[in-house]
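>>> need the 3D shape of this:
(one chain, ligands or ions: 1)
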Amino acid sequence: MAEITPEQVLAELRKIAAPDGRGNIVSAGLVSEIAVNAGQVMFALNADPQHANAMGQLQKFVQDRVSKLPGVAKAIVALTAERTPQREAGPKQQAAQTLRNGIPGVKHLIAVASGKGGVGKSTTAINLALAFKANGLRVAVLDADVYGPSMPKLFGISGKPEASDKYGKRMNPMRRFGVEVASIGFLVDEATPMIWRGPMVMSALTQLLREVAWSETDVMVIDMPPGTGDAQLTLAQQTPLSGAVIVSTPQDLALIDARKGLNMFVKVSVPVLGLIENMSYFICDGCGKRHEIFGHGGAKAEAQRLGLPFLGEIPLDPELRQRSDAGEPIVATVPDSPHTKSYRAIAEKLWIAMEQGMGQKPAPRIVMGD
Ligand code: ADP
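Predicted structure coming up:
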């Protein structure tokens, strides 16, 4: 049987009346983008949390209806509290606020972002988290890089999280080096290719934020998906971030991307707390000399041009890579290394910036248009 197309699913959804009686659920803007993969149909319904019960029923109804369509192997319908562009007034803004209201018990959320992949964003995120921990704070890491979750490997954690209550509604975070971690990588097989569309990313991340039984936490480090696409923008917009840091290599190309990363946060009014230059220079094993292979200093100059704090530089060091690959991150395993000291100094600056309220948000904020 031919696989169903998103258009055919939409046609069916247009037959279902919107809960407020105004048109159908598609015209009312309740339906996200629809993903179809090997007969599996996935999409989200935008729920108004005030009518959670009714939306729960609608979700079951819609899921049932779509699963019965010819060519559908399985239908997965998630409820999200996501803003949709079609209708923005009143309750929808409140829906977007549910995430923005913060995570109970978590004081600051900080995003580690980069304009493109491969610049060492995840390596920086884990080592910064461990540096906050070494500086005496209670720390958690949320791996929001759903396209390529690397925290299980970087933390050297395998296995699946346990349910935190008998109903199985929430799960415990994983824990190593005294830091709590949640990652989609713990929930899906590493070999499974993950196809995510914007709304699904948000709904998966909402679950990781909301349905993990986090302990009291001073700072939660969020490893953002690389790049500046819609998913990243939505995440930056809908997560109650105290601030963001941008990781960049010194190459010009990466700096152009870093600027895009910066602009993304500026667009959604998240303070960018500074820039970290990664793989800044190379210290050769053999001669012990410092080689500035990438034209060192580019990030610092760029930070100055942009009026951003330059937080520090981390050299390209094979030991850093080996330890990361082995799940033994340098800050946790070599406390007196110069790199550990650099990360701790950066973490100190970031903590001060967050505590001084540089990262504080104005109280309830209207969700901005694109
Ligand atoms: P991203 O999250 O930006 O995609 P990663 O953190 O996964 O990047 O890093 C990409 C690769 O570069 C990894 O193999 C990592 O170990 C390595 N790496 C990152 N930073 C450094 C560094 N400062 N020195 C040496 N290797 C590094």
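
>>> show me the helices in the protein, by range?
With DSSP state H as the definition, the chain shows helices at residue ranges 6-13, 52-67, 91-100, 121-134, 151-155, 198-210, 230-238, 252-267, 298-306, 318-325, 330-333, 338-355.

>>> any idea how far the ligand is from the nearest residue to Leu79 once chain neighbours are set aside?
Nearest non-adjacent residue to Leu79, counting by CB to CB, 6 or more residues apart in numbering: Ala47, 4.3 Å away. For the C-beta atoms, the positions are set from N, CA and C on the backbone; glycine is no exception. Taking CB to the nearest ligand atom, to the nearest Å as the measure, Ala47 and the ligand are separated by 32 Å.

>>> flag every residue of the stretch 51-200 of the chain that's near the ligand.
Residues of the stretch 51-200 of the chain found near the ligand, taking CB under 6 Å from any ligand atom as the criterion, are 114, 117-123, 150.

>>> kindly recompute the last result at 8 Å.
The stretch 51-200 of the chain has residues 114, 116-125, 145, 148, 150, 154 near the ligand, with proximity defined as CB under 8 Å from any ligand atom.

>>> farthest-separated two in these?
Pairwise distances among those were taken by CB to CB; the largest, 18.9 Å, belongs to Lys116 and Leu154.

>>> looking at those two, which is more packed in?
Applying other CB atoms under 10 Å to Lys116 and Leu154 shows that Leu154 carries more neighbours, namely 28 against 18.

>>> make sure that one is actually in contact with Ile126.
Yes. Using CB atoms under 8 Å, Leu154 is in contact with Ile126, at 4.7 Å.

>>> phi and psi next, for the residue nearest the centre of the chain.
Nearest residue to the geometric centre of the chain (CA atoms, centre = their mean): Ala144, 2.9 Å. Comment: the main-chain dihedrals of Ala144 come out as phi -90, psi 0, following degrees, to the nearest 10.

>>> got a list of what it touches?
When contacts are counted by CB atoms under 8 Å, 6 or more residues apart in numbering, Ala144 touches 111, 205, 208, 222-225, 235.

>>> by neighbours, which of these wins?
Neighbour counts for the contacts of Ala144 (other CB under 10 Å) peak at Met224, which has 30 neighbours.

>>> from Ala11, how far off is that one?
Look at Met224 and Ala11: by CB to CB, to the nearest Å, they are 36 Å apart.

>>> same check on Val141?
The span separating Val141 from Ala11 equals 42 Å under the rule CB to CB.

>>> one more: Leu306?
Taking CB to CB, one finds Leu306 at 48 Å from Ala11.

>>> so for the two, which sits in the more crowded spot?
The residue with more neighbours, out of Leu306 and Ala11 and counting by other CB under 10 Å, is Leu306; that gives 17 against 12.

>>> how about that one: what's its closest non-neighbour residue?
Using CB to CB, 6+ apart and skipping the chain neighbours, the partner closest in space to Leu306 is Leu262 (6.4 Å).

>>> was I right about that neighbour contacting Leu273?
No. Taking contacts as CB under 8 Å, Leu262 lies outside contact range of Leu273: 11.1 Å.

>>> of these two, which one has the most company?
When Leu262 is set against Leu273 and neighbours are counted by other CB under 10 Å, the residue ahead is Leu273, at 27 against 22.
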